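[1] Sequence below, structure please.
(chains A, B, C and D)
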Number of protein chains: 2
Amino acid sequence: MSAVTIRDVAQAAGVSLSSVSRALNGGKHVSARIARDVAAAADRLGYQPDFTARSLRTRTSGMVGCLVSDIANPLNATIVRAAEARLRDAGYLLVVASTGNDPARERTAAIAFRGRRLDGLLVAPGSNANAKTWRDLGAAGTALVIVDRDPLEEDGDVSWPAVLVDHRAGAMAATRYLIGLGHRRIALLTADAEMRPSRERIAGFQEAFAEAGIDPAGAQLCLQSSPMDFAHGDALALLRDGGLHGSGRPTAIVALGTRILAGVLRAARDSGLSVPDDLSVVSVGDTDLAAVHTPAITALRWSLEDVGRAAAELLLQRLRGDAGQTQNRALLPVDLVLRDSCAPPKTI
Amino acid sequence: MSAVTIRDVAQAAGVSLSSVSRALNGGKHVSARIARDVAAAADRLGYQPDFTARSLRTRTSGMVGCLVSDIANPLNATIVRAAEARLRDAGYLLVVASTGNDPARERTAAIAFRGRRLDGLLVAPGSNANAKTWRDLGAAGTALVIVDRDPLEEDGDVSWPAVLVDHRAGAMAATRYLIGLGHRRIALLTADAEMRPSRERIAGFQEAFAEAGIDPAGAQLCLQSSPMDFAHGDALALLRDGGLHGSGRPTAIVALGTRILAGVLRAARDSGLSVPDDLSVVSVGDTDLAAVHTPAITALRWSLEDVGRAAAELLLQRLRGDAGQTQNRALLPVDLVLRDSCAPPKTI
DNA sequence: CACATTCTTGAAATCGTTTCCAGTAACCTT
DNA sequence: AAGGTTACTGGAAACGATTTCAAGAATGTG
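    Residues are numbered from 1 along each chain as shown, chains lettered A, B, ... in the order given. Alright, predicted model coming up:
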């Protein structure tokens, strides 16, 4: 029961409210005697400042928001944890909200955040439908950092600080590797082609084909048709029906994301294809599933901890107002972890 | 830039501040004319209430906290998501913090929460070291709901509202099933024996042995010795050295948790044992890994969504102050999902 | 020693709401 | 029609901090 306010401390220490405030905030213009007395009184009474009142006056809350499509997604969850750890050390609380990539929910969350005066926001927008919302938030004084999404607005005018992952280089490395093994028909299975990560990966995938001077028709893109079965059906069709354009079934699949990897592995099993003898598989994103599966799945890996940390760091720089030396980009590398799920294609 | 306050609305509508407040909060004692005018003015000006100021006056924040050991743990993350969804619908924001089961961090988080006037708290304490902290928080008016942890304080005086999972029944069902298949030497591999979930599972495990009237020496408990390798080493020792007490290696393993399951599966592979022919495996907790692994792993499953939802529901009941009809326990069932990782033991 | 400058200090204003309190108007009831 | 109850309404007082301002004390300077 912390009914003890700054007023009580003032009374106990026999000084005025203003002096207590100054003393507690370590400000200048306080005599040593008062500083000592106030500290003692505050300690004795167990005073805890009321952030609500402070927020009202200072227009800062000591809280930052985090807006992602789904906090339960292990990728996001890890990022959130790392960001939370860094922010907590800096004295901030983290408020989270899942948007399900729904622009309307993004907007209502943004409004709720602004109403609570959140100082900053880490956000992975599900689309660029809410550009105006972010701009408004920025204008209202909220520091904004984009996480692994397009940092540029459509018109290219505004660019937000952002933490980006080099998905393009990663996808290129994986594709190069498969091409190097002799694969010529490789399918890329992805949930959407809209958002930055997928778009960049697709670009890297195709770039690798171009670079190798190989028939780009072998680079098969397959968008997940139904989000329900995690691409299980799509993978099945791909493997059974001899490929998308009748060009023969792919000898290798690059699966974007944990759930899709699961769908692909089930599909391979259902089709009686063995990995890696009949089908090479690369997972984009390294998870328990990829690491422990038999055979262990070759995967693209990047550090989610680093993403979260970097995002928090960028945000903290703005919150502290480190004018001048604020960077506004972080580009994190992607590694190809070689395991046992890839082999040269069987000559048919 | 929301510099528009209730004062501006009052001016625009030509009424007093108090009337605006009453009108906006849908209170009684407002004439239809004023209600209409105020709504119109607020709408026109784009008024958004300032929760900071409101909080100061009403002593409520519209936020609830969530304190778990690790938000990135898929189990917690799913619970958090479900709780967040329910709470968001009710107009609350969710503040998260990871404690790493460290009592000191729990305490500082609790202080930060109280300073921000959080209305409620979902918490999965890492120990009962902080009983006093929770009691203080409760005394300060914070609604508290315990998630899958002991709801009773050590002295048994106070009992918190709690969402519990019937881990005991689940473990019994799994053990019964293995015993029914003919297994007599079954190992239970777990990270700790302290916290409620593990304790209950161990109890259920032993109860099943007692029930079957079988030599309880076959029920081997193995605590994870090093958290680093996710019980890989422990599992290896168990499988190689012919069991814990020289009583022969277990023919079945029940692995508590995703990471431990991964360790066990790696250990089985490393020992050249095939699942389920040489070793039956049951996973406690159903994950992608368990579902997609070859062979698919029989698992104990409970709905994390239900846990999160139920926790939010319990909390909301208290927040709304539904006196009388507030339940303070929810007990959620655990199901045994039969897959391909269990078989009768080979007669040696 | 007189005067200017800097340091401390407390009173009061402020942040944006909600809510208590009184005052007025409207509506019943007999 | 008079008195009593009830419904609205606006002024003002919270809520608990920070910050501005002006006054007083202390110090420095010529």
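[2] hang on, A:Cys222 in a strand?
    Yes. The assignment for A:Cys222 is a strand, going by DSSP: H, G, I helix; E, B strand; the rest coil.
[3] show me the residues around the nearest residue to it once chain neighbours are set aside that make contact.
    Spatial nearest neighbour of A:Cys222, excluding adjacent residues (C-beta to C-beta, 6 or more residues apart in numbering or on different chains): A:Leu189 at 5.0 Å. For every residue, glycine as well, the C-beta is placed using N, CA and C. Residues in contact with A:Leu189 (C-beta atoms under 8 Å, 6 or more residues apart in numbering or on different chains) are A:222, A:224, A:231, A:234-235, A:238, A:253-256, A:260, A:264.
[4] Now do the phi/psi pair for A:Leu189.
    Main-chain torsions, A:Leu189, degrees, to the nearest 10: phi -110, psi 120.
[5] May I have the beta-bridge partners of it?
    Here A:Leu189 shows beta-bridge partners A:Cys222, A:Ala255, assigned using DSSP bridges.
[6] Kindly present the contacts of A:Leu189 as TSV, with separate columns for neighbour count and pLDDT.
    Output for the contacts of A:Leu189, formatted as TSV (neighbours: other C-beta atoms under 10 Å in any protein chain shown; pLDDT from 0 to 100):
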residue	neighbour count	pLDDT
A:Cys222	18	82
A:Gln224	22	75
A:Ala231	31	74
A:Asp234	23	82
A:Ala235	29	84
A:Leu238	22	83
A:Ile253	30	95
A:Val254	26	95
A:Ala255	28	93
A:Leu256	26	86
A:Ile260	24	88
A:Val264	30	91
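[7] between those, which is nearest B:Glu194?
    Among these, A:Ile260 lies closest to B:Glu194 (C-beta to C-beta), at 37.8 Å.
[8] Name the residues of stretch A:312-329 that are buried.
    Across stretch A:312-329, burial judged by 16 or more other C-beta atoms under 10 Å in any protein chain shown covers A:312-319.
[9] Any idea how far it is from the middle of the chain?
    Per C-alpha atoms, centre = their mean, to the nearest Å, the displacement of stretch A:312-329 from the mean C-alpha position of its chain is 18 Å.
[10] That one - what's its average pLDDT?
    Regarding stretch A:312-329, the rounded mean pLDDT is 85.
[11] Ok, stretch A:268-283 next?
    Stretch A:268-283 shows a mean pLDDT of 92.
[12] hmm, who's touching it?
    With contact meaning C-beta under 8 Å, 6+ apart, stretch A:268-283 is reached by A:174, A:177-178, A:181, A:183, A:235-236, A:239-240, A:250-255, A:258, A:261, A:264-265, A:289-290, A:295, A:297-300, A:336, A:340-343, A:345-346, B:294.
[13] quick one: which of the buried residues of stretch A:312-329 is nearest to chain B?
    Among the buried residues of stretch A:312-329, A:Ala312 lies closest to chain B (C-beta to the nearest C-beta), at 13.3 Å.
[14] Skipping its backbone neighbours, what lies nearest the closest one in space?
    A:Ala312 sits nearest to A:Arg86 (C-beta to C-beta, 6+ apart), 3.7 Å away.
[15] so which strand or helix has that neighbour?
    helix A:74-89 (DSSP states H and E).
[16] Stretch A:289-302 and chain B, are they touching?
    Yes. Stretch A:289-302 lies within reach of chain B by C-beta under 8 Å from any C-beta of the partner chain, at A:289, A:291-294.
[17] Name the nearest of these relative to DNA strand C.
    Proximity of these to DNA strand C (C-beta to the nearest atom of the strand) peaks at A:Leu289, which lies at 48.4 Å.
[18] Near the closest residue to A:Thr294 other than its chain neighbours, how many other residues are there?
    Spatial nearest neighbour of A:Thr294, excluding adjacent residues (C-beta to C-beta, 6+ apart): B:Thr294 at 6.1 Å. By other C-beta atoms under 10 Å in any protein chain shown, the residues close to B:Thr294 number 16.
[19] Near DNA strand C, which residues of the stretch 51-200 of chain A are found?
    A:53, A:56-57 (C-beta under 7 Å from any atom of the strand).
[20] among these, which are in helices?
    The helices, defined by DSSP state H, take in A:53, A:56-57 from these.
[21] hmm, back to that, using ChimeraX, define a selection of the buried residues within the residues of the stretch 51-200 of chain A next to DNA strand C.
    Buried residues within those, by 16+ other C-beta under 10 Å, are selected in ChimeraX with:
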select /A:53,56
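[22] which of the residues of the stretch 51-200 of chain A next to DNA strand C come close to DNA strand D?
    A:53, A:56-57.
[23] export those residues to JSON lines and tack on pLDDT and distance to chain B?
    As requested, those are exported to JSON lines (pLDDT from 0 to 100; distance: C-beta to the nearest C-beta, whole Å):
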{"residue": "A:Ala53", "pLDDT": "96", "distance to chain B": "5"}
{"residue": "A:Leu56", "pLDDT": "95", "distance to chain B": "5"}
{"residue": "A:Arg57", "pLDDT": "95", "distance to chain B": "9"}
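[24] Sticking with the one residue in the stretch 101-250 of chain A that gets nearest to DNA strand D, tell me its helix or strand.
    DNA strand D sits closest to A:Arg117 of the stretch 101-250 of chain A, with a gap of 12.4 Å, by C-beta to the nearest atom of the strand. Assigned by DSSP H and E, A:Arg117 falls within no helix or strand.
[25] if I read this right, it contacts A:Arg57, doesn't it?
    No. Judged on C-beta atoms under 8 Å, A:Arg117 makes no contact with A:Arg57 at a distance of 11.1 Å.
[26] ok, so what distance separates the residue in chain A positioned nearest to DNA strand D from chain B?
    Scanning chain A for proximity to DNA strand D using C-beta to the nearest atom of the strand identifies A:Thr5 as nearest, at 2.8 Å. To chain B, A:Thr5 is 12 Å away according to C-beta to the nearest C-beta, to the nearest Å.
[27] who's in contact with that residue?
    A:47, A:50.
[28] Show me where chain A has its helices.
    Going by DSSP H, chain A shows helices at A:6-13, A:17-24, A:32-45, A:51-58, A:74-89, A:103-115, A:131-139, A:167-181, A:196-212, A:232-240, A:258-270, A:288-292, A:304-320.
[29] Take these and lay them out in TSV including distance to A:Val158.
    Formatted as TSV, these follow (distance: least, C-beta to C-beta, whole Å):
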stretch	distance to A:Val158
helix A:6-13	41
helix A:17-24	38
helix A:32-45	44
helix A:51-58	27
helix A:74-89	23
helix A:103-115	16
helix A:131-139	7
helix A:167-181	23
helix A:196-212	16
helix A:232-240	37
helix A:258-270	33
helix A:288-292	37
helix A:304-320	15
